[in-house]
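> Here's my sequence, what's the structure:
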Amino acid sequence: MAESAEVAVYYFPNYHVDTRNEEWHGKGWTEWELVKAATPRFPGHEQPKVPLWGYEDEADPHVMARKMAAAATHGIDCFIFDWYWYDNLHYLHRALEDGFLQAANPHGLKFSLMWANHDWLEIHPATRCRPYHQRTTGSVSGHEFLDATNYMIEKYFRSDYYWRVNGGLYFSIYDLPSLLAGFGSSVEETR
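Sure thing, here's the model as predicted:
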């Protein structure tokens, strides 16, 4: 008898107001500003595109509940949230904390984390011709690592909706070299 598969999708949470984005880009800035500012690049290229549901705030639990219902209805079992921790503070967390975790969840959609511990580069708007300014680094010290993991344990891992695979919590780290760099670059030091 074959085991049933679960389907998880990555969720990039930059469609809600965040204080760092406001510091970097101005009051009320979200990734929607990039969508709104899109311009045609060739004949017939229809830009900007307006989302069918509009420019929604994913940190609103009613908006997130609609997204969750649509995902679950179409075979998605889990959102793997890109999760950020820079300068010993969370970043882009409200889609998960205010939206997903506060939404009515009649479909039982699960969530998990992929720690997006890469350097945050200023790519808005992206160009091919220049190096990108680094806003903050993804490497964390041992102290910051403990703060981040303690935060995850307290806020997320205890949730009944946290995705478990074979009885264990699913958790991934995006940039292993960045993790190693924070501990001195060796696997032994990081261990």
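> From now on I want contacts and neighbour counts done on CA atoms only, so please keep to that.
Noted.
> ok, and what's touching stretch 75-86?
6-13, 71, 90-93, 96, 109-117, 136-138, 140, 148, 163 (CA atoms under 8 Å, 6 or more residues apart in numbering).
> can you map out the helices along the chain?
Assigned helices in the chain, in chain order: 19-25, 32-36, 61-73, 94, 142-152, 176-182, 187-190 (criterion: DSSP state H).
> can you tell which of these is closest to residue 51?
helix 32-36 (9.1 Å; CA to CA).
> Using PDB, write down the CA coordinates of that closest one.
Taking C-alpha atoms only, helix 32-36 is exported to PDB below (Å, rounded to 0.1, in the frame of the first residue of the first chain):
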ATOM      1  CA  TRP A  32       2.300  45.100  -4.100                       C
ATOM      2  CA  GLU A  33       4.000  48.400  -5.000                       C
ATOM      3  CA  LEU A  34       6.200  46.500  -7.400                       C
ATOM      4  CA  VAL A  35       3.200  44.800  -9.000                       C
ATOM      5  CA  LYS A  36       1.400  48.200  -9.400                       C
END
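> Tell me where the protein is predicted with low confidence.
By pLDDT under 70, the low-scoring segments of the chain are 1-2, 125.
> What strands flank the longest strand seen in the chain, and is each parallel or antiparallel?
Counting residues, the longest strand in the chain under DSSP state E turns out to be strand 78-86. Take DSSP bridges as the rule and strand 78-86 pairs in its sheet with strand 8-11 (parallel), strand 89-91 (antiparallel), strand 110-115 (parallel).
> most packed of the ones you listed?
Mean neighbours per residue, mean count of other CA atoms under 10 Å, is largest over the strands paired with strand 78-86 for strand 110-115, with a mean of 22.
> could the strands paired with strand 78-86 be laid out in TSV, adding distance to residue 67?
Shown next, in TSV, are the strands paired with strand 78-86 (distance: least, CA to CA, whole Å):
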stretch	distance to residue 67
strand 8-11	11
strand 89-91	21
strand 110-115	13
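> Against residue 174, how distant is the spatially most central residue of the chain?
Residue closest to the mean C-alpha point of the chain, counted by CA atoms, centre = their mean, is residue 82 at 2.5 Å. Using CA to CA, to the nearest Å, residue 82 is found at 9 Å from residue 174.
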